[in-house]
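S.K.: Need the 3D shape of this:
(4 chains)
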Number of protein chains: 2
Amino acid sequence: MSVTIRTVAREAGVSVATVSRVLNGSGPVGAETRAQVQAVARALRYVPNGAARSLTTARTHTIGVLLPDLHGEFFSEVIRGVDAAARGAGYHLLVSGFHDSVADVVAALRAMSGRVDGLVVMAPDLSRPQLEANLPAGLPVVLLNAPGRFDPADGYSAFAVDNEGGACAMVRLFAAAGHTRIAILRGADGNHDAAGRLRGYRIALIEAGLDPDPALEPAGHFTEDGGTAAMRALLALDAPPTAVFAANDAMALGALVALREAGLRVPDHVALAGFDDVPAARHANPPLSSVHVAIADMGGQALRAVLDAAAAPSHQPSHTVLTATPVLRASCGCAP
Amino acid sequence: MSVTIRTVAREAGVSVATVSRVLNGSGPVGAETRAQVQAVARALRYVPNGAARSLTTARTHTIGVLLPDLHGEFFSEVIRGVDAAARGAGYHLLVSGFHDSVADVVAALRAMSGRVDGLVVMAPDLSRPQLEANLPAGLPVVLLNAPGRFDPADGYSAFAVDNEGGACAMVRLFAAAGHTRIAILRGADGNHDAAGRLRGYRIALIEAGLDPDPALEPAGHFTEDGGTAAMRALLALDAPPTAVFAANDAMALGALVALREAGLRVPDHVALAGFDDVPAARHANPPLSSVHVAIADMGGQALRAVLDAAAAPSHQPSHTVLTATPVLRASCGCAP
DNA sequence: GGCCGGGCTGTAACCGGTTACAGAAACCGG
DNA sequence: CCGGTTTCTGTAACCGGTTACAGCCCGGCC
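M.R.: Below is the predicted model:
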């Protein structure tokens, strides 16, 4: 029913091999034969079937991208970086998001098999056996944000953000500015990024001779509302903090709401900083200090790593940690 | 070299048909044969090749999404909506972005052929012949934001935002608040959305008995920097406007920069509103009034329309215009 | 004239699945 | 004990491309 290469061949009075040669410019074809085939192909609106083609060539010119979610500024940035790199290399992207369930990830992985030349996967909760059992052996895979769980010997390249270092650097600045009651709005429980940022926070405190205090470590679940609630809880303490480090920008923006409610000025009464440096941080009131991560860059590097691995199967897997550096704006009171 | 269904069949001592039946649960298979096949498949880490499978079944369980760009809050929202709907229906997404060149779009279209069951396309600059020449006949396609250029008789469903109505509603509010010098920061030249919003702005002015004035219609190119520059130009006029409608939020945020530079207060000295209602609008200083568009919703509806068309080839194409409604916050001075 | 080589084209095998069809085995009632 | 189901399994054709190989035709050269 649909028009295939055989339809074109029949209509043009040639063989399928000739049609294929004309359309791909492979092999010699007589000038008028070529013109004839092209005319027929155009007239019939023939477009080669990608699935069939990649079945024989074993190349799809597509890279799969698996993310926990497709929206939000963070993932949007990842996709941007991956896409830019992919387009530069003439590749397409097959993206998929999954809620939280491992079953979702597994389904997505299996669906990608045979449709992609490689995979960029960000699935913090996926174990190595789960990953391996659902992918054909030999498919290049690069992991994002899955540190600890994998090691280079597994054969996968990986990229991760230096959560600990970034958080530590930011909190150090608070300490250096003379703050002694510094709180953190913790991220989601069990989340690897949240744990790293908390670790960095505590390290900076101890360096400064301050004692971590559980009362100053409320959970904000990485959400704006969670940040508001956690900030309210902090303000209700007998001795509220004078500086607050939110483990992501969404919570920091939520905290701003609580501070405004309470009639407190930022940074005069309470200094505030976030993490991720999403675009909205710059436009907040006051502009939000944050820890900047080159997210798009990470995506781009990950994609190139996949392509390298695809090109040279014996490619050495590499593990890269991307630095996260504080960006100072009005909200932290320590801007230059 | 890679493990295929035949490898599994040989290893398990059965035929490929039996393996296929076991793995898909189609047809009857003896209990111990089934167990044997499953064990072998697991041991060999066999994952069926998606390309091969969709070649025979003619179904890919994938919908292609073609957008001008993959980053930015607007496209991120589209993707979110499309993804949610796709996941709900058990479909995957093959997304692709293109710069501006028609050649890019064409390449992406052709690359998707045979890999998707349908397409959601947002390519304002693509003509109908260009679209048709590069897609197999009969592939369901839904267009986003391509009004005017296509009509229902073409057989494509389409979704568009009511740019004109939304802009008109917002500017009417300015006029109702007593403003008589109302400016617009125009979007990119030749852009369909930009034109619609400009039209709505002028309609509202005329309704209010005001004369459109070219000096009050600087171009901001839909970018933040463009918005800043355009706003500076407006402030340099002999009689600067008292209200400014930016044709998107990025320009409005840029305009805020220029206003802050000039030491002017929003909305006291100059009232301001944007369009799109991106998340950052809420966090701006002051919170930005904007025209809200249910972007994710549009994406979701578009995806469902593709699936409907795929399920019933005789599906009636539908053209839907999504309303855009003002969301009032502090920046426009007309919030309740 | 015979032979060789090069340019062009066609035939058919293959990629890795699905599935129509047929055959074999087991089981049933009469 | 036999014909007819039912249940299971295998063979082979197909999906729509690519490509190795072979064949044809023609011109050039000895």
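S.K.: could you pull out the strands for chain A?
M.R.: Residue ranges of the strands in chain A, as given by DSSP state E, are A:62-67, A:92-97, A:118-121, A:141-144, A:157-161, A:182-185, A:243-246, A:271-273, A:290-293, A:319-322, A:324-327.
S.K.: where does the stretch 101-250 of chain A dip in pLDDT?
M.R.: With pLDDT under 70 as the threshold, the stretch 101-250 of chain A has low-confidence stretches at A:146-154.
S.K.: Tell me the residues of it that contact DNA strand D?
M.R.: Within the stretch 101-250 of chain A, not a single residue sits near DNA strand D (CB under 7 Å from any atom of the strand). From N, CA and C alone the C-beta is placed, and that goes for glycine too.
S.K.: Please give me every residue in contact with the residue nearest to A:A208 when sequence neighbours are not counted.
M.R.: Of all residues not flanking A:A208 in the chain, A:A175 sits nearest, at 3.7 Å (CB to CB, 6 or more residues apart in numbering or on different chains). The contact partners of A:A175, by CB atoms under 8 Å, 6 or more residues apart in numbering or on different chains, come to A:I182, A:A204, A:L205, A:E207, A:A208, A:L210.
S.K.: where's A:A175 relative to A:A169, distance?
M.R.: 11 Å (CB to CB, to the nearest Å).
S.K.: check contacts around the closest residue to A:A111 other than its chain neighbours.
M.R.: The shortest distance from A:A111 to any non-neighbouring residue, by CB to CB, 6+ apart, is to B:H92 (5.4 Å). Neighbouring residues of B:H92 by CB under 8 Å, 6+ apart: A:L94, A:S96, A:A108, A:A111, A:M112, B:H61, B:T62, B:I63, B:A86.
S.K.: how about A:R6, what does it touch?
M.R.: Taking CB under 8 Å, 6+ apart, one finds A:V16 in contact with A:R6.
S.K.: swap in A:N191?
M.R.: A:P124, A:F222.
S.K.: repeat that with 10 Å
M.R.: A:P124, A:D125, A:R197, A:L198, A:H221, A:F222, A:A247 (CB atoms under 10 Å, 6 or more residues apart in numbering or on different chains).
S.K.: And for A:A310?
M.R.: Counting by CB under 10 Å, 6+ apart, A:A310 touches A:R59, A:I63, A:Y91, A:V116, A:D117, A:G118, A:G138, A:L139, A:P140.
S.K.: Distance check, the fourth one against B:A9.
M.R.: Translated: A:V116. 25 Å.
S.K.: neighbour-wise, which of these two wins?
M.R.: Between A:V116 and B:A9, A:V116 has the larger neighbour count (other CB atoms under 10 Å in any protein chain shown), namely 26 against 18.
S.K.: Verify the stated contact: that one with A:H61.
M.R.: Yes. Using CB atoms under 10 Å, A:V116 is in contact with A:H61, at 9.4 Å.
S.K.: Identify the contacts common to these two.
M.R.: A:S54, A:Y91, A:H92.
S.K.: want to throw those residues into CSV with pLDDT and distance to B:E261?
M.R.: Output for the shared contacts of A:V116 and A:H61, formatted as CSV (pLDDT from 0 to 100; distance: CB to CB, whole Å):
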residue, pLDDT, distance to B:E261
A:S54, 94, 54
A:Y91, 92, 43
A:H92, 90, 43
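S.K.: how about the residues of the stretch 151-300 of chain A near chain B?
M.R.: Contacts of the stretch 151-300 of chain A with chain B, taken as CB under 10 Å from any CB of the partner chain, map to A:224, A:249-250, A:253, A:256-257, A:278-288, A:296.
S.K.: Chain neighbours aside, what residue packs nearest to A:N163?
M.R.: That would be A:G196: by CB to CB, 6+ apart, it lies 3.1 Å from A:N163.
S.K.: do you know how far that neighbour is from A:R186?
M.R.: Distance from A:G196 to A:R186, by CB to CB: 11 Å.
S.K.: anything in contact with each of these two?
M.R.: With CB under 10 Å, 6+ apart as the test, A:G196 and A:R186 both reach A:A247.
S.K.: can you count the residues close to the residue nearest to A:N163?
M.R.: The local packing of A:G196 (other CB under 10 Å) involves 25 other residues.
S.K.: Isn't it up against A:P124?
M.R.: No. With contact defined as CB under 10 Å, A:G196 does not reach A:P124; the gap is 11.3 Å.
S.K.: ranges for the helices of the stretch 151-300 of chain A?
M.R.: A:163-176, A:192-207, A:224-235, A:249-261, A:279-283, A:295-311 (DSSP state H, counting those that start in this stretch).
S.K.: Tell me which of those helices is the most buried.
M.R.: Counting by mean count of other CB atoms under 10 Å in any protein chain shown, helix A:249-261 has the highest mean neighbour count of the helices of the stretch 151-300 of chain A, with a mean of 24.
S.K.: and that helix, how far out from the chain's middle?
M.R.: 25 Å (CA atoms, centre = their mean, to the nearest Å).
S.K.: If you count contacts, what does that helix end up packed against?
M.R.: Applying 3 or more CB pairs under 10 Å, 6 or more residues apart in numbering or on different chains; DSSP states H and E, one finds that helix A:249-261 makes contact with helix A:73-88, strand A:182-185, helix A:224-235, strand A:243-246, strand A:271-273, helix A:279-283, strand A:290-293, helix B:279-283.
S.K.: between the contacts of A:N191, which is nearest DNA strand D?
M.R.: A:D125 (36.1 Å; CB to the nearest atom of the strand).
S.K.: Correct me if wrong: the closest one contacts A:V102.
M.R.: Yes. The pair A:D125 / A:V102 is scored as a contact, 6.6 Å apart, by CB under 10 Å.
S.K.: Just want to know which of these two has more residues nearby.
M.R.: A:D125 (16 against 13).
S.K.: Just give the number of residues close to A:T180.
M.R.: Quick note: A:T180 (other CB under 10 Å) scores 13 neighbours.
S.K.: Now it, what are its backbone angles?
M.R.: Main-chain torsions, A:T180, degrees, to the nearest 10: phi -120, psi -20.
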